[in-house]
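Q: Okay, structure incoming, though there's no sequence with it:
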């Protein structure tokens, strides 16, 4: 009898420790560290009939040679134009004003990128209507945040059950 009670009192703590260890390891591996390191900041300003887009990291360092893809209005079926930022992290957007509509500029790569939707009329860029909504490509760290939250909740729940069992007379 004493051996069964001893085994039963050891199984739950050992199982909890192993599960907590695996969940902690998974959290460390799955949580993307670049999200902590730095983020990308996009600034833009209108200069004559072109838009100067400047990409920097949150550390202030220029995002040089970042990949840039400019897409003309989708209804025209034109090929995207590819380019890159210069050493200062600057890309000059010069649309073809004979093609009015919403142009898109995707700049950066991987988890360090941004997306601009730029309305162009026959004569100018509508600066006030530029948007950065990129709902079709959410940032990568959102899913990892959700996983981490679930893991922490599970660990607290299991630990709470362990403490509850230990406090029973």
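A: Yep, it's here. Keep in mind that this is a model prediction, so the values were computed, not measured.

Q: same question for the helix or strand containing residue 22, mean pLDDT?
A: Element membership for residue 22, per DSSP states H and E: helix 2-30. Rounded to a whole number, the mean pLDDT of helix 2-30 is 68.

Q: Likewise for stretch 43-52?
A: 89.

Q: can you start the count at 57 instead of 1 from here on
A: In the new numbering, first residue 57, that becomes stretch 99-108.

Q: Buried residues, it. List them.
A: Residues 100, 107 are the ones in stretch 99-108 that count as buried (16 or more other CB atoms under 10 Å). Every C-beta, even on glycine, is put in place using the N, C-alpha and C of the backbone.

Q: phi, psi of residue 155?
A: Main-chain dihedrals, residue 155, degrees, to the nearest 10: phi -120, psi 80.

Q: Do you know the pLDDT at the nearest residue to it once chain neighbours are set aside?
A: Leaving aside its sequence neighbours, residue 155 sits nearest to residue 128 (CB to CB, 6 or more residues apart in numbering; 5.7 Å). We have a pLDDT of 92 for residue 128.

Q: I'd like to know how many residues surround residue 128.
A: Using other CB atoms under 10 Å, residue 128 has 19 other residues around it.

Q: State the number of residues packed around residue 156.
A: 15.

Q: now the strands for the chain?
A: Taking DSSP state E, the strands of the chain run over residues 96-103, 106-113, 123-127, 137-140, 146-149, 157-165, 168-176.

Q: could I get the ones you listed as a markdown table with distance to residue 186?
A: Below are the strands of the chain laid out as a markdown table (distance: least, CB to CB, whole Å):
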| stretch | distance to residue 186 |
| --- | --- |
| strand 96-103 | 7 |
| strand 106-113 | 8 |
| strand 123-127 | 14 |
| strand 137-140 | 18 |
| strand 146-149 | 10 |
| strand 157-165 | 10 |
| strand 168-176 | 5 |
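
Q: closest one to residue 185 among the ones you listed?
A: strand 168-176 (4.7 Å; CB to CB).

Q: how about that closest one: buried residues?
A: Using 16+ other CB under 10 Å as the test for burial, strand 168-176 gives 168, 169, 170, 171, 172, 174, 175, 176.

Q: Look up the pLDDT of the closest residue to the last one other than its chain neighbours for me, please.
A: Nearest residue to residue 176 in three dimensions, chain neighbours excluded: residue 151, at 4.6 Å (CB to CB, 6+ apart). With respect to pLDDT, residue 151 scores 89.
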